[in-house]
Structures are given as C-alpha cells and as structure tokens.
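[1] Any chance you can model this:
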Amino acid sequence: MLDKNLLQKEFGFLGDDIFLNVSQVCMPAKRVQEAYGSFMDNYVRKFGEGVVDEAWDIVNGCRPKLQKLINAKEAHEIGFVKNTAEGMGILASGLRLEPGDSVVIADQEHQSTLFPWINQHQLRGIKLNVVASRNHEVNEDDMIAAIDDKTKVLVISSAQFSTGFRADLEKLGNACHERGIIFAVDGIQTLGRFVMDVQKWHIDYLVAGSNKGLLGSLGCGFVYCSDRIIDQITPPYAGYQSTTNHVPAPSVTTNFEYLEWHPNARKFESGNLSYNCILAVSEGVDVLLELGMENIEEHIKVLEKRLRENLRNLSLYVVQAHDEKNWGGIVCVYYPKEHENDVVRILGDYRIHGTMRGGYIRFGLDFYNTMEQMDIISEALYKIAALGEGKGDKA
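    Residues are numbered from 1 along each chain as shown. Modelled structure (predicted):
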C-alpha cells in the first residue's frame, strides 16, 4: 500500500488538478523541485569553487539508486546522458555493425528509439527487420520470428508511447539471451511506474529520459549497459571524463595514438553533465524507492482497470490491448476532431491534464492519481462522447 502521508507531502501541490500527462512530462515531487534549484544556489554561494567535485559526488551517489531501481548487478553499469535519443544513439552508432547485419524493431516505436537505427541503416547499410503490429499490439512471437542469422540487436520500448501496449520483456529477453543477441529497451514510458528487472529479463541495454516516471527533468537521462556488452560499444565522442589516460592541468596530452576508455558505462560520459538534473533524478528515485515499485505498479494497475471498466460503454474508440498483462498504465481515447475546442474546454472544466494530439487524448496514470479521479475522467469523457452524438453542451 502506498504511503498516503508521503504522497501528500510530495504531491499535495497538485490540489484539485488531475495530472495525467506523465507519458510526456512529469510533475516532479516537492523535494525534486527543491533539489533542482539548490544546485545553482550552492554554485553561486561558493563562487563555483569545488562545485565540479561535489557534482561528481552527486552523480556517483545517484548510480546505486538507479542500480537498485532496475536491479542492475553493478552501479558502474549506469551512465548518464541527455535523453533517450542520445542513449539509443550511443548503442546504434557505437556497435561494430557491418552491412547486412540486421536489427529487429517494432513499427510502433517512438522516433527517439527508431531514428538512431534508421541512421545506421543509411550510413552503414544495416538491415532493419521492422515488425508490423497487430491491432495496435506488438506481438512478441512476431518479434522473435523476425530474428535471423544476421541479427545483432532486438530493440523495443517497455510500453508503446501511442497505445500504452506493454510488451513481455522477459519473454523477449529470454529469446535474445538464448540466441546471443543484444536486447535493447527504451524504458521511458514505464520506468518509475512499473517494476523493471534488467537481470531477470536479460536486458543488455536500457535507456530512458528522466522527465516522465522517474520524476526528473528535461535534458537528463541514463543508460544501463551490461558488463557483458560494454566492450562491444565504442562511444561516438570522447573526452577527459570518459577516458582514463587523460592528464590533469597544467600538463598536456603527449599520447596521440590511442584512448583508454573507462571499462564501464562511465565511457559514455564524455564531459560535464547536467548535474542539477541528476540531483533531481536522485531525489526522484528516492521517492520511488520509498513508496516501493511493487506498490506503485499495483496501484497503477488498479487505477487502469477502474478507468477501463468505467469506459466500457463509451461510444468513443478506446485503445486497449487484448490481454490485461499488456496494459501499460496509458489509456488512449480518440475524440471527434471537429469538436476539438469543446474537448479542450471540457477537460479544462474538470481540471484534467493529458496529452492531446492527432485526434486522441492520452492519459498516463501514476501513483499520485486516485480512484476518484478515474471516475471524474470517465464523466468528462462521456461528455466528450456526447459532442459527437449531437447532445454535448457547447455553451
């Protein structure tokens, strides 16, 4: 059960607003907000003296928290990046792939996950085995069947951003492990909302921005890179932070022949990082660990079941995976686009914050949402449905 006192302390600022936009951006906990600003306050107060050393203490303090969150074997398997696209791009460009090597990927993937591989298809001639979805669902058996003797990587999101479909990562991970290919996951839509176990599910590479379920901020993310594959990746850029053969000032480099990379995910951190953002992530992960990921996941599942049951008779199209185990805490509802202004007004009247684009509303559920809010959302959606039936209030 979730700690209600902790929820009120950290998210009481939401008041009567119903925030359901976590699939795009998060509402950071109170302590996260305070931490984000405190870094600059400390920086100015000390005139920048010693701040970089303190900042790396923040980084190295955050690694074991993320390690615990995803059940990584070692803290050094965690490296920090700006966002999901950069993290996935490091893998795509850094692997020693040759023309004809193939990558299995689903057709629903977000551009941040998909485009790095299309880029390598253009640059190096790798083959993309794009698996077509079925009725908005990514079929795991189809993904596995797309693996051929030239496949080096299988890539998938833990939940699809446009449908909420949550794949069986354990099944896919086992298949990749048995075949000796890299299993890469974009975890941004479920990290911090659902349990993630990189060891049990044989995930070799996991990437996520922190601005959603991790309760962090824009411009910061992390990668988990298993020690099993770290030597197979050459970073696309280098700097004194990512190597071990740099020399401290005022000395200058005299070795112009080779680089010695850090033997772990630190090799992806080529220079100074977004330390204030990492401090925010550190505080956000603390909140998640205090609440307990099993508790969070169970709460979100209960909320989604309540909302979907409420919408059973809704005349609008509600995207829903056939099997409940594939529900990802994201409910997408299509509305009549010709009534978009009225849809915006109704959501505003109910103080509901979701993602509206392309004729659909995406509701991302999280642990601070309540059962009562699910009923309010349902009421608003039935009003929206009435617009298309000519019964809506257009005043």
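[2] For this structure, which segments are assigned as helices?
    Ranges of helices in the chain, per DSSP state H, are 4-11, 30-45, 51-70, 84-94, 111-124, 140-145, 169-179, 275-291, 293-310, 340-349, 371-388.
[3] Check which residues of the shortest one are buried.
    By that I understand helix 140-145. 140, 143, 144 (16 or more other Cβ atoms under 10 Å). Using the backbone N, CA and C atoms, a C-beta is placed for each residue, glycine as well.
[4] quick one: low-confidence parts of the chain?
    Along the chain, segments meeting pLDDT under 70 span 390-395.
[5] any idea which strand is longest in it?
    strand 151-157 (DSSP state E).
[6] In its sheet, which strands sit next to that strand, and in what direction?
    If you go by DSSP bridges, strand 151-157 pairs up with strand 102-106 (parallel), strand 182-186 (parallel).
[7] Just put these in TSV and tack on distance to residue 117 and mean neighbour count.
    Formatted as TSV, the strands paired with strand 151-157 follow (distance: least, Cβ to Cβ, whole Å; neighbours: other Cβ atoms under 10 Å):
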stretch	distance to residue 117	mean neighbour count
strand 102-106	5	24
strand 182-186	10	26
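[8] Looking at those, which is nearest to residue 88?
    strand 182-186 (6.5 Å; Cβ to Cβ).
[9] Just give the nearest non-adjacent residue to residue 105, would you?
    Leaving aside its sequence neighbours, residue 105 sits nearest to residue 155 (Cβ to Cβ, 6 or more residues apart in numbering; 4.6 Å).
[10] my read: the one you found touches residue 116, true?
    No - checked against Cβ atoms under 8 Å, the pair residue 155 and residue 116 is beyond contact range at 9.1 Å.
[11] So for these two, which residues contact both of them?
    residue 88 (Cβ atoms under 8 Å, 6 or more residues apart in numbering).
[12] related to what we said a few turns ago, minimum distance to residue 205: which of the helices of the chain has it?
    Here helix 84-94 is closest among those (Cβ to Cβ), at 5.4 Å.
[13] Identify the residues contacting the closest one?
    81, 110-113, 115-117, 119-120, 153, 155, 182, 184, 186, 188, 205, 207-209, 221-223, 225, 233-236, 268.
[14] Identify the residues contacting the spatially most central residue of the chain.
    Centre of the chain computed as the mean C-alpha position; nearest residue by Cα atoms, centre = their mean is residue 188, 0.6 Å away. By Cβ under 8 Å, 6+ apart, the contact list for residue 188 reads 84, 157, 158, 207, 208, 209, 212, 213, 221.
[15] Please name the nearest non-neighbouring residue to it.
    Spatially, and ignoring its direct neighbours in sequence, residue 188 is nearest to residue 208 (4.2 Å; Cβ to Cβ, 6+ apart).
[16] so the one you found makes contact with residue 198?
    No - counting by Cβ under 8 Å, residue 208 stays clear of residue 198, with 11.7 Å between them.
[17] re earlier: the longest strand of the chain vs helix 111-124, what angle?
    Interaxial angle of strand 151-157 relative to helix 111-124 (axes from the mean of the first three to the mean of the last three Cα atoms, to 10 degrees): 160 degrees.
[18] how far does strand 151-157 sit from the chain's center?
    How far strand 151-157 lies from its chain's middle: 17 Å, per Cα atoms, centre = their mean, to the nearest Å.
[19] Also stretch 339-346?
    29 Å.
[20] what residues does it touch?
    Stretch 339-346 is contacted by residues 335, 336, 356, 361, 380, 383, 384, 387, 388, 392, 394 when judged by Cβ under 8 Å, 6+ apart.
[21] can you pull up the bridge partners for the third one?
    As for beta bridges, residue 356 partners with residue 361 under DSSP bridges.
[22] Look up how far residue 159 lies from it.
    The gap separating residue 356 from residue 159 is 19 Å, by Cβ to Cβ, to the nearest Å.
[23] For those two, indicate the residue with more neighbours.
    residue 159 (28 against 15; other Cβ atoms under 10 Å).
[24] Would you mind measuring from the spatially closest residue to residue 71 that is not a sequence neighbour to residue 70?
    Leaving aside its sequence neighbours, residue 71 sits nearest to residue 197 (Cβ to Cβ, 6+ apart; 4.6 Å). In this view, residue 197 and residue 70 are 7 Å apart by Cβ to Cβ.
[25] the more surrounded of those two?
    For residue 197 versus residue 70, neighbours defined as other Cβ under 10 Å are more numerous around residue 70 (22 against 15).
[26] what's the offset of stretch 154-163 from the middle of its chain?
    Taking mean C-alpha positions (Cα atoms, centre = their mean), stretch 154-163 and its chain are 10 Å apart.
[27] Dump it to PDB, keeping only the CA atoms.
    Provided in PDB are the C-alpha atoms of stretch 154-163 (Å, rounded to 0.1, in the frame of the first residue of the first chain):
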ATOM      1  CA  LEU A 154      16.400  -6.600 -30.900                       C
ATOM      2  CA  VAL A 155      15.000  -3.200 -29.900                       C
ATOM      3  CA  ILE A 156      11.700  -2.400 -28.200                       C
ATOM      4  CA  SER A 157      10.000   0.000 -25.800                       C
ATOM      5  CA  SER A 158       8.800  -1.200 -22.500                       C
ATOM      6  CA  ALA A 159       5.500   0.400 -23.400                       C
ATOM      7  CA  GLN A 160       4.500   2.000 -26.700                       C
ATOM      8  CA  PHE A 161       4.000   5.700 -26.400                       C
ATOM      9  CA  SER A 162       1.000   5.900 -28.800                       C
ATOM     10  CA  THR A 163      -1.000   2.900 -27.500                       C
END
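[28] I'd say residue 329 and residue 363 touch.
    No - counting by Cβ under 8 Å, residue 329 does not reach residue 363; the two are 9.2 Å apart.
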